[in-house]
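S.K.: sequence and predicted model, in that order:
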Amino acid sequence: MQGVARGAGCHRLWLVTTNDNQPAIDFYGGRGWSLKAIHENAVTEARRVKPEIPRLGHNGVPIRDELEFELLLSKGDT
């Protein structure tokens with residue numbers, strides 16, 4: 001993934017997940033991605049536009065916040 005991104009001229013990858021998604025938080029955190037921002041109540045706000053977003057997520061955790069992760073790419077990354 002990183003090689004493809006670099007080949008396309010990217011210097012940074014980023015993603016957003018929700019506070020309930022512990023598997024994703026562990027996965028990306030364990031692979032060098034940095035937690036850059038927590039957007040408190042972002043999902044609560046998104047429900048105003050998309051009310052079908054569930055209230056509870058993984059393991060019954062209330063879905064409220066968005067977590068933004070970043071991975072900076074350097075020429076030596078693989």
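M.R.: Everything's here; your move. Residues are numbered from 1 along each chain as shown.
S.K.: report the central residue of the chain.
M.R.: Taking C-alpha atoms, centre = their mean, the centroid of the chain lies closest to Val16, which sits 2.7 Å from it.
S.K.: so which residues make contact with the host helix or strand of that residue?
M.R.: According to DSSP states H and E, Val16 maps onto strand 12-18. Contacting residues not belonging to strand 12-18 are listed as 1-2, 5, 24-25, 28, 33, 36, 39, 43, 57, 63-73 [C-beta atoms under 8 Å, 6 or more residues apart in numbering]. All C-beta atoms are positioned from the backbone trio N, CA, C, and that covers glycine.
S.K.: out of these, which are inside helices?
M.R.: Mapping the contacts of strand 12-18 onto helices (DSSP state H) picks out Gln2, Ala5, Ala24, Ile25, Tyr28, Val43.
S.K.: tell me, how many neighbours does Leu35 end up with?
M.R.: The tally of other residues near Leu35 (other C-beta atoms under 10 Å) stands at 12.
S.K.: isn't it right up against Asp26?
M.R.: No. Using C-beta atoms under 8 Å, Leu35 makes no contact with Asp26, being 11.8 Å away.
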